[in-house]
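Asker: Quick one: sequence and predicted model below, then my questions.
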Amino acid sequence: MKFKKEYLKTVKGTAATVFVYRYIGIHLAWKFRNTKITPNQLTVLSFLSGLLAALFFSAGSYGYLICGTLLYQICIIFDYSDGSLARFKNLTSNLGLWLEAILDPLREFFVIFGVCLGLYSHTGNPMIWVLGFILCGTNYMMDIQTLTFESFPFAEKGMRAFAPKNRLYEVGKQFISVRTTRYLAIIFFAIIDRMYMFLVFFSIYNMLVFVLIAFQLGRVVKSQDKLKLFVQAGLRDESNNDSSRNK
């Protein structure tokens with residue numbers, strides 16, 4: 001229990017939308033810690049739940065839409081449980097990371113495709129596929145952008161240095177996690193039966209967040225390049241001074 005409380009402390013400070021799923025996921029993982037269920041099984045179960053949700057979404061009718069939304073929430077909770085379960089059972093593995101890297105984006109693609117198919121079958125509006133393409137495309141671009149930035153050795157330190165210390169930033173940070181915001185928002189849009197508006201809203205939202213994050217990360221990278229040039233210039237000056245002394 002003490003380990004669980006210590007682990008829950010890591011959730012503090014995360015975006016509100018992330019907090020909701022991580023908090024539930026940690027509690028669920030704690031329940032599974034003494035069972036035979038493995039983290040990789042939860043990852044696969046999350047993927048299969050997502051596929052089933054996509055199938056319900058593709059049916060298009062209101063009843064199936066609500067069922068698909070409920071299944072999708074279960075799928076996301078499982079997704080936020082597997083990593084915690086791996087830590088509780090000390091079963092972290094490269095295979096688990098690989099499965100998540102492959103299955104999570106694939107699950108999201110099928111869910112968005114299911115939503116688009118269900119809407120198109122009822123409305124015949126071709127704009128639905130354009131919005132679906134934008135949503136999937138921006139998801140992919142944000143993943144590539146994040147993975148590329150995180151590969152830099154200065155990534156974590158650089159972001160802390162550039163994070164503004166003001167109330168506006170703290171409020172904005174709560175909504176910067178596009179996917180978890182979308183996971184929660186889909187409940188609202190499904191209940192009011194406005195999934196087309198869901199696609200419109202998050203297509204625009206994804207693009208805006210992508211541009212904002214790209215700008216912020218670009219500033220961090222540029223600052224590191226300037227720092228590198230400054231250090232190199234200093235080393236050259238020091239080397240030249242040493243050479244002069246030796247003469």
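Answerer: It's in.

Asker: so where does the most centrally placed residue in the chain fall, helix or strand?
Answerer: Centroid-nearest residue in the chain: Arg179, 5.3 Å away (criterion: CA atoms, centre = their mean). In the assignment (DSSP states H and E), Arg179 maps to helix 178-191.

Asker: same question for that helix, mean pLDDT?
Answerer: Mean pLDDT, helix 178-191: 90.

Asker: who's in contact with it?
Answerer: 15, 17-18, 20-21, 65-66, 68-69, 72-73, 76, 108, 139, 142, 175, 195, 197-198, 201-202, 205-206, 209 (CB atoms under 8 Å, 6 or more residues apart in numbering). For every residue, glycine as well, the C-beta is placed using N, CA and C.

Asker: The same query, at a cut-off of 7 Å, please.
Answerer: The contact list for helix 178-191, computed with CB atoms under 7 Å, 6 or more residues apart in numbering, reads 15, 17-18, 20-21, 65-66, 69, 72, 76, 142, 175, 195, 197-198, 202, 205-206, 209.

Asker: So the residue nearest to the centre of the chain versus Thr138, what's the distance?
Answerer: Noted for Arg179: a distance of 11 Å to Thr138, by CB to CB, to the nearest Å.

Asker: again, but for Pro153
Answerer: For Pro153 relative to Thr138 (CB to CB), the value is 27 Å.

Asker: So which of these two has more stuff around it?
Answerer: Neighbours per residue, other CB atoms under 10 Å: of Pro153 and Thr138, the larger number sits with Thr138, 21 against 8.

Asker: pLDDT below threshold where in this structure?
Answerer: 1-16, 158-177, 226-247 (pLDDT under 70).

Asker: Now do the same contact list for Glu100.
Answerer: Thr43.

Asker: Can you give me the buried ones in the strand or helix carrying Ser46?
Answerer: Ser46 is part of helix 39-59, with elements assigned from DSSP H and E. By neighbour count with 16 or more other CB atoms under 10 Å, helix 39-59 contains the buried residues 39-40, 42-43, 45-47, 49-59.

Asker: list the contacts for Leu117?
Answerer: Contacts for Leu117 (CB under 7 Å, 6+ apart) come out as Ser58.

Asker: mind listing what's buried in stretch 99-116?
Answerer: So, applying 16+ other CB under 10 Å, buried residues of stretch 99-116: 99-100, 103-104, 107-116.

Asker: For ChimeraX, write the select line for the buried members of the contacts of helix 178-191.
Answerer: The following ChimeraX line selects those of these that are buried, judged by 16+ other CB under 10 Å:
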select :15,17,18,20,21,65,69,72,76,142,195,198,202,205,206,209
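
Asker: Narrow the contacts of helix 178-191 to those in helices?
Answerer: Among those, the ones falling in helices (DSSP state H) are 17-18, 20-21, 65-66, 69, 72, 76, 142, 195, 197-198, 202, 205-206, 209.

Asker: Now the residue nearest to His122 when sequence neighbours are not counted: phi and psi?
Answerer: Spatial nearest neighbour of His122, excluding adjacent residues (CB to CB, 6 or more residues apart in numbering): Gly60 at 4.8 Å. Per-residue torsions, Gly60: phi 90, psi -30 (degrees, to the nearest 10).

Asker: what sits against Gly60?
Answerer: Here Gly60 is in contact with Gly118, Leu119, Ser121, His122 (criterion: CB under 7 Å, 6+ apart).
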